[in-house]
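Trainee: structure for the following, please:
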Amino acid sequence: MDLAFLSSTMLTLIAAIPMTLALFALSVSLGGMLALVVVWMRVGGNPVLAAIAKGYIFVFRGSPLLIQMFLIFYGLAQFSVIRYGPLWPLLREPFVCAVLSLALCTAGYSAEIFRGGIRAVSAKDIEAARSIGMSGPLLVRRILAPIAFRHALPAYSTEIVLMMKSTALASLVTVWEVTGVAQRLIHQTYRTMEVFLCAALIYLALNFIVLQALGLLEHRLSRHLRPVPGGR
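Mentor: As a prediction, the model looks like this:
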């Protein structure tokens, strides 16, 4: 085993981690905010908005992320209203297109996860909040959102981990994150096994950190569900 090559490869790939983290953080943040809008449309009671939300979820859950990314990166330039519009300086950038496609995709999955969390909230909790005079926004902030998020967190954790791994697809639209740099090294050295092994270790480390952080959050949110030491 060539330890010198492995160490140099690992250092080269580590230098690309900030790009991977930027893709991950922006796509998860934007996707999460969009998912809240979609789930509000889905459960808000307006049949037109609910139909739009269902269509959005169907499209982005039912088609491959790679095709969505290619359509955004290569397809938007086909429309003159976009190519000559004010947003074109942003939309022609591979990084922006990668973030946009990742965010749109994860929003479809996250919206359904959040909807499941909302449906898990007991009707008794809502009735109790209304009985003491809680208004709609206060009920959502104090009762509905915390309980729904706690129920949704295990499934949402899986979606977040999948998003970390999905950032690897950005290399196909010339974004030089960890996988993109790994592929470039392979083209230069023809040493596929060692390079991809280093890349896999980096993704494992990143996902381990993410899972630990989410586990701590879930532990904190469920403190009231654990038995009190010395209690009965």
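
Trainee: any chance you could map the helices in this protein?
Mentor: Taking DSSP state H, the helices of the chain run over residues 3-14, 17-43, 47-62, 65-70, 80-83, 88-91, 94-119, 123-131, 136-139, 145-166, 178-189, 192-221.

Trainee: nearest to Leu172, of these?
Mentor: Closest to Leu172 of the helices of the chain, according to CB to CB: helix 65-70, at 6.9 Å. C-beta coordinates here come from the backbone N, C-alpha and C atoms, glycine included.

Trainee: where does the prediction get shaky in the protein?
Mentor: The model of the chain has pLDDT under 70 over residues 1, 135-136, 223-232.

Trainee: what about the spatially most central residue of the chain, distance to Leu76?
Mentor: Nearest residue to the geometric centre of the chain (CA atoms, centre = their mean): Val28, 3.6 Å. From Val28 across to Leu76, the span is 22 Å (CB to CB, to the nearest Å).

Trainee: quick one: the nearest residue to Leu49 once chain neighbours are set aside and Ala107, what's the gap?
Mentor: Nearest residue to Leu49 in three dimensions, chain neighbours excluded: Met41, at 4.0 Å (CB to CB, 6 or more residues apart in numbering). Applying CB to CB, the value for Met41 to Ala107 is 12 Å.

Trainee: more crowded one of those two?
Mentor: Ala107 (23 against 20; other CB atoms under 10 Å).

Trainee: I'd say Ile57 and Ala111 touch.
Mentor: Yes: counting by CB atoms under 8 Å, Ile57 touches Ala111, with 5.9 Å between them.

Trainee: joint contacts of those two?
Mentor: 38, 42 (CB atoms under 8 Å, 6 or more residues apart in numbering).

Trainee: those two: which is more packed in?
Mentor: Using other CB under 10 Å as the criterion, Ile57 and Ala111 rank with Ala111 on top: 28 against 22.

Trainee: list the contacts for that one?
Mentor: 35-36, 38-39, 42, 53, 56-57.

Trainee: what about Met163, neighbour count?
Mentor: With other CB under 10 Å as criterion, Met163 counts 23.

Trainee: so who does it touch?
Mentor: Taking CB under 8 Å, 6+ apart as the test, what Met163 contacts is 24, 27-28, 31, 102, 106.

Trainee: so can I have JSON lines of the helices of the chain showing distance to Leu172?
Mentor: Below are the helices of the chain laid out as JSON lines (distance: least, CB to CB, whole Å):
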{"stretch": "helix 3-14", "distance to Leu172": "17"}
{"stretch": "helix 17-43", "distance to Leu172": "13"}
{"stretch": "helix 47-62", "distance to Leu172": "18"}
{"stretch": "helix 65-70", "distance to Leu172": "7"}
{"stretch": "helix 80-83", "distance to Leu172": "21"}
{"stretch": "helix 88-91", "distance to Leu172": "17"}
{"stretch": "helix 94-119", "distance to Leu172": "9"}
{"stretch": "helix 123-131", "distance to Leu172": "46"}
{"stretch": "helix 136-139", "distance to Leu172": "43"}
{"stretch": "helix 145-166", "distance to Leu172": "11"}
{"stretch": "helix 178-189", "distance to Leu172": "8"}
{"stretch": "helix 192-221", "distance to Leu172": "15"}
